[in-house]
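Asks: Turn this into a structure:
(2 chains)
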Number of protein chains: 2
Amino acid sequence: MSPTFSFRVLHTDGAARRGEMQTAHGAVQTPAFMPVGTRGAVKGMTPRDLREVGAEIILGNTYHLWLRPGDGLIAGLGGLHRFTGWDGPILTDSGGFQAFSLGAKRVMTEEGIRFRSHLDGSEHLLTPEGATDIQARLGPDIAMVLDECLAQPAPLATVRESTERSARWARRCRDRFLALREFGAGELRLDSETAESRAPSPESLVPSPESRPHVTNPGQAQFGIIQGGTVPELRTLSVERTLAIGFEAYAIGGLSVGEPADIMYSVVGHTAPQLPADRPRYLMGVGTPLDIVEAVSRGVDLFDCVMPTRNARNGQLFTSVGRLTIKNAKYADDGGPLDPACPCYTCRTHSRAYLRHLFVSGEVGAAVLNTIHNLRFYLDTMARVRQAIVFGTLETLRQSLQAMFSRPLSDS
Amino acid sequence: MSPTFSFRVLHTDGAARRGEMQTAHGAVQTPAFMPVGTRGAVKGMTPRDLREVGAEIILGNTYHLWLRPGDGLIAGLGGLHRFTGWDGPILTDSGGFQAFSLGAKRVMTEEGIRFRSHLDGSEHLLTPEGATDIQARLGPDIAMVLDECLAQPAPLATVRESTERSARWARRCRDRFLALREFGAGELRLDSETAESRAPSPESLVPSPESRPHVTNPGQAQFGIIQGGTVPELRTLSVERTLAIGFEAYAIGGLSVGEPADIMYSVVGHTAPQLPADRPRYLMGVGTPLDIVEAVSRGVDLFDCVMPTRNARNGQLFTSVGRLTIKNAKYADDGGPLDPACPCYTCRTHSRAYLRHLFVSGEVGAAVLNTIHNLRFYLDTMARVRQAIVFGTLETLRQSLQAMFSRPLSDS
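Replies: Residues are numbered from 1 along each chain as shown, chains lettered A, B, ... in the order given. Purely as a prediction, here's the structure:
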């Protein structure tokens, strides 16, 4: 592992682990949920709001930040931490999933992903080396390899081919990462001296392809990603290939892309135990509170998902008694708190009636207050998960979350 | 005055007064600026954000709150303070200005203002008695009389007729207010007992016209409004008529509706000295930092304006060196704070480059962070105004604000 990245398991409950992950910007108690800050901001939340709801690590999006404001610009300003004002741990994805989501606008080749920007239609090529360089400039504490995501279901041969390609890309990413680690500090000094002349023009959305690599965060770790769709043999193959390369830790990718929940749990249950026990395991893009506890019980340590933040903006709230749709007419004169069991600022200060009024009126405060609550619910759930592992009661917690979050909406 | 409302002047500097206004929900240091929370929320700000930027009193909008969520609903939930979570002083306007702004959709008669809702086109009649009842139910600490606003310029006869009508409406508002003060407490107890059966249906936007008056805040004060357009004689006439009725305090209305700044200053300079020295004077809907200090130097104590909050959402920021348009390309790689002289959270935490990125990306956080800054700038300016009055240096401050805020935008 890198000198600044480490992980240790403190307790277990079956396959579930209560651990602590050290990064260049501090420790993360696991299992942990990472709020998603696509463009360098968790929508509607300030850094202090994030601290208050209990976030310890947040996620940024390489694809979006590369296109706007640009990795070179962020590096010139000291990297993502200084740019965003969030001084805790940050993980960036590699941009593979976003490029995959562009659909008809992208072409996958062995070289990389060629696509047109969703912002201005300009053409770009994202390669494994490029994704590694961009993340070196952005400076998160954890960078992800570039992988190929596939929609499910897909023909077996396609999944196999894609899995093999992701493994080759992982190799290229790691080679580049290790080269940067070796030479990066020198580059950093050199770049700082000449930062002014190298700064991209303010209106340029795309960093110059000639710009040299730039290591903003020398303590950066890099995670490999296990692919293989829903085919156990291919997941095992991907584990073997990816572990042979060797990363600080490993993620399970390519799930939560439309497959049924039981398939996802099954793939996680097959894959997680094959990953090193002394490294954190990250299930990308997952999920509901129930999905998270199901994955924790199969040995996963890290999660990210847009669900709590996106649902908050849509007025879909998570509470200790299940989901709640705030625009529902029955809340119009409901003077009680959103969730009587929740200690968040929103629940301490405002009634359901007020939150409904803000939402129905299209007030920006609706997004802010709902996001504070939903993230607090998620992060408090993670705290309960960690406590349950220590006390050996995770199965009880799983059952209560199952009762709350797998039944139909109570108010729809 | 009411037992809970009072005002005393602590210092003067020429016509300017440094005072303290007591309300049923606490004291306000004057001259004071009231952030505007049209629909019961200052857009993008939580109550604790408002406290932190230094707000002591906020403004709500009778027209908007009457139509949605409804004054009956808010009364049933305990009034505006409990509904919004802001426990400090609140002032509500009477809805006259909003009805005036509806243009072709409204008809003025002696009875009141008949208009169609901007929400659903439904027809409503806002009378002086109705505006008083609605504000009794909403429960602000300061209610305003219903007045007739006129666009400027207008024929002299029209202004005279309107000024006379506003005075007659003021009489009706005061009569109703005093009747409510006398009988309100009894009504309140009665209403509480039968609150459930009287609660409006959640989807009803309009309170039943049969609903009895309901006094949510027995300590409410009522301000009269001086009209008279830009005609000194009519302003004097309006002062005489309005003072003859007798209110806890008086506002200057009908300005900042398109007339040149020097005309506005002149009308204020003519009107303010005619208002009682022992009552606060409120200039409605004004204005820029320079407008405010010009009016303070003519004896005004209270202000409200959407400018700091609306401009913030449009990326127009007030700083100690003048106005700043955050989307300007030159801020793209500007790692410095928005305003080096500002102690607000935004300036302590984020760079111009980050704020530009959020604004250009359409992030909700741009509205939040920009609003925190602009309100802090306004409220800190008011603190400097108060200090300058104590030290007898208001003219020096006026000159520096004039130099900063009357020249063209430095970056446009």
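
Asks: going forward, measure contacts between C-alpha atoms and count neighbours the same way
Replies: Noted.

Asks: mind listing what the residue positioned nearest the centre of chain A touches?
Replies: Relative to the mean C-alpha position of chain A, the nearest C-alpha, by CA atoms, centre = their mean, is the one of A:D304, at 3.9 Å. Neighbouring residues of A:D304 by CA atoms under 8 Å, 6 or more residues apart in numbering or on different chains: A:33-36, A:59, A:283-287.

Asks: Around chain B, pick out the residues from the stretch 1-150 of chain A.
Replies: With CA under 8 Å from any CA of the partner chain as the criterion, the stretch 1-150 of chain A comes near chain B at residues A:39, A:41, A:43-46, A:68-69, A:73, A:76-77, A:83-85.

Asks: for chain A, what helix or strand is lowest in average pLDDT?
Replies: Ranked by mean pLDDT, DSSP states H and E, the weakest helix or strand in chain A is helix A:195-198, scoring a mean of 32.

Asks: Quick one: end-to-end distance for stretch A:214-222.
Replies: 16 Å (CA to CA, to the nearest Å).

Asks: Any idea how far that stretch is from the middle of the chain?
Replies: Between the centre of stretch A:214-222 and the centre of its chain there are 18 Å (CA atoms, centre = their mean, to the nearest Å).

Asks: Could you confirm whether that stretch reaches chain B?
Replies: No - counting by CA under 8 Å from any CA, chain B is not contacted by stretch A:214-222; separation bottoms out at 15.6 Å.

Asks: for the record, mean pLDDT for that stretch?
Replies: Mean pLDDT, stretch A:214-222: 95.

Asks: How about stretch A:15-30?
Replies: 98.

Asks: in the stretch 201-350 of chain A, which spans are strands?
Replies: A:221-226, A:249-252, A:281-283, A:302-304, A:316-319, A:322-325 (DSSP state E, counting those that start in this stretch).

Asks: Make TSV from those strands and add distance to A:A151 to it.
Replies: As requested, the strands of the stretch 201-350 of chain A are arranged in TSV below (distance: least, CA to CA, whole Å):
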stretch	distance to A:A151
strand A:221-226	15
strand A:249-252	15
strand A:281-283	17
strand A:302-304	19
strand A:316-319	26
strand A:322-325	28
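
Asks: still on that earlier bit, name the member of the residues of the stretch 1-150 of chain A next to chain B with the most neighbours.
Replies: Neighbour counts for the residues of the stretch 1-150 of chain A next to chain B (other CA atoms under 10 Å in any protein chain shown) peak at A:L73, which has 30 neighbours.

Asks: Just the pLDDT at it, thanks.
Replies: A:L73 is given a pLDDT of 97.

Asks: cool, and A:V368?
Replies: Looking at A:V368, its pLDDT is 98.

Asks: That one: neighbour count?
Replies: The burial count assigned to A:V368 is 25, neighbours taken as other CA under 10 Å.

Asks: From what I see, it and A:V42 are in contact.
Replies: No - taking CA atoms under 8 Å as the definition, A:V368 is not a contact partner of A:V42, at 10.3 Å.

Asks: Tell me the bridge partners for A:F303.
Replies: A:F33, A:L283 (DSSP bridges).

Asks: try A:V107
Replies: Residues in beta-bridge contact with A:V107 (DSSP bridges): A:R114.

Asks: was I right about it contacting A:I113?
Replies: Yes - here A:V107 reaches A:I113: they are 5.8 Å apart, a contact under CA under 8 Å.

Asks: quick one: which of these two has more around it?
Replies: Between A:V107 and A:I113, counted using other CA under 10 Å, the more crowded position is A:I113 (22 against 15).

Asks: quick one: buried residues of the longest helix belonging to chain A?
Replies: Once chain A is assigned using DSSP state H, the helix that runs over the most residues is helix A:156-193. For helix A:156-193, a neighbour-count test (16 or more other CA atoms under 10 Å in any protein chain shown) marks A:159-160, A:162-177, A:180-181, A:184-185, A:187-188, A:191 as buried.

Asks: Return the mean pLDDT over that helix, rounded to an integer.
Replies: 81.

Asks: need the contact list for the closest residue to A:E56 other than its chain neighbours.
Replies: The shortest distance from A:E56 to any non-neighbouring residue, by CA to CA, 6 or more residues apart in numbering or on different chains, is to A:V28 (5.8 Å). With contact taken as CA under 8 Å, 6+ apart, A:V28 is in contact with A:20-22, A:56-57, A:89.

Asks: so what's A:V28 bridging to?
Replies: A:M21.

Asks: Where does the prediction get shaky in chain A?
Replies: Flagging of chain A using pLDDT under 70 yields the residue ranges A:1-2, A:184-213, A:407-412.

Asks: My understanding was that A:R313 contacts A:A366; is that so?
Replies: Yes - the pair A:R313 / A:A366 is scored as a contact, 7.2 Å apart, by CA under 8 Å.

Asks: So for these two, which residue has more residues nearby?
Replies: A:A366 (26 against 22).

Asks: From chain B, how far out is that one?
Replies: Here A:A366 is placed at a distance of 8 Å from chain B (CA to the nearest CA, to the nearest Å).

Asks: Kindly report the same for A:K327.
Replies: 11 Å.

Asks: now that residue, nearest residue through space, not along the chain?
Replies: The shortest distance from A:K327 to any non-neighbouring residue, by CA to CA, 6+ apart, is to A:R356 (5.3 Å).

Asks: Assign a three-state SS to that neighbour, would you?
Replies: When classified by DSSP: H, G, I helix; E, B strand; the rest coil, A:R356 comes out as helix.

Asks: Let me see the contact set for A:A353.
Replies: A:331-336, B:83.

Asks: from these, which single one is nearest A:T309?
Replies: Nearest to A:T309 among the contacts of A:A353 is A:Y331, at 21.0 Å by CA to CA.

Asks: any idea how far A:H81 is from A:G139?
Replies: A:G139 is 8 Å from A:H81, where distance means CA to CA.

Asks: what about these two, which has more around it?
Replies: More crowded of A:G139 and A:H81, by other CA under 10 Å: A:G139, with 28 against 22.

Asks: just checking, that one touches A:N217?
Replies: Yes - the pair A:G139 / A:N217 is scored as a contact, 4.7 Å apart, by CA under 8 Å.

Asks: Name the residues contacting each of those two.
Replies: Common contacts of A:G139 and A:N217, defined by CA under 8 Å, 6+ apart, comprise A:G79.

Asks: In the stretch 1-150 of chain A, mark out all the helices, start to finish.
Replies: Applying DSSP state H, counting those that start in this stretch to the stretch 1-150 of chain A gives helices spanning A:47-53, A:62-67, A:71-76, A:80-84, A:96-101, A:128-138.
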